[in-house]
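In: Structure here, sequence nowhere to be found:
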């Protein structure tokens, strides 16, 4: 479980197609340079990469050398998220799982991407913030509410406006400086995760009505 508060911007250092047979066939091993999120990381730990919960399968923290970790991304994840288009040199939003003693600064984020959206427009505001609009798959939009929470590439944001297949957020300068939204341009893909509470409520309501 995560909060959508990005801890660090990492950099993709390698994308290696999987050669093993079995579940990983067709997948990719992604290596990401990072520092802060690796301070207490261990093999098998989870790290959210652009909102996708991935497992650390290799780790390098040798003194005097670059620090990095590797995660195996299976075909299912490549097909359902923007990680299928990641290239060497790309920046990535990174967050470690929330601890029970931590403050919940954003909202409850599972790291399970619901769909891929497209950045449509960036409109600067007078205070230095930017209003950004995204398209989203129509089935996802029933879980999105104005002034509700949504995770965009793992960033906890508040929905400022809604359309039938789109929504807008207002992004402050700090978030622009510390996440990938500072450089994302119209036409680029983003991972979207709607509020998990909305999905459970819908499921419970559907089951109750069916009975």
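Out: Everything's here; your move. All values derive from a computational prediction rather than experimental measurement.

In: per-domain residue ranges of the protein.
Out: The record's domain parsing of the chain by automatic domain parsing lists 8-95, 115-202.

In: Mean pLDDT lowest where, among the ones you listed?
Out: Lowest mean pLDDT within these: domain 8-95, a mean of 90.

In: centre of the chain versus that one, how much separation?
Out: Per C-alpha atoms, centre = their mean, to the nearest Å, the displacement of domain 8-95 from the mean C-alpha position of its chain is 13 Å.

In: That one: end-to-end distance?
Out: Terminal residues of domain 8-95 are spaced 7 Å apart (C-alpha to C-alpha, to the nearest Å).

In: cool, stretch 9-29 as well?
Out: 19 Å.

In: Could you do stretch 189-199 as well?
Out: Stretch 189-199 end-to-end distance (C-alpha to C-alpha) = 23 Å.

In: Report all helices and strands that whichever helix in the chain runs longest contacts.
Out: Across the chain, the helix with the greatest residue count (assigned by DSSP state H) is helix 196-210. The contact analysis (3 or more C-beta pairs under 8 Å, 6 or more residues apart in numbering; DSSP states H and E) places helix 196-210 against no helix or strand. Where C-beta positions appear, they are placed from N, C-alpha and C, glycine not excepted.

In: if we can go back for a sec, could you dump the domains of the chain into a markdown table and include mean neighbour count and distance to residue 103?
Out: Below are the domains of the chain laid out as a markdown table (neighbours: other C-beta atoms under 10 Å; distance: least, C-beta to C-beta, whole Å):
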| stretch | mean neighbour count | distance to residue 103 |
| --- | --- | --- |
| domain 8-95 | 17 | 14 |
| domain 115-202 | 17 | 13 |
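
In: In CSV: those, plus distance to residue 105.
Out: As requested, the domains of the chain are arranged in CSV below (distance: least, C-beta to C-beta, whole Å):
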stretch, distance to residue 105
domain 8-95, 11
domain 115-202, 8
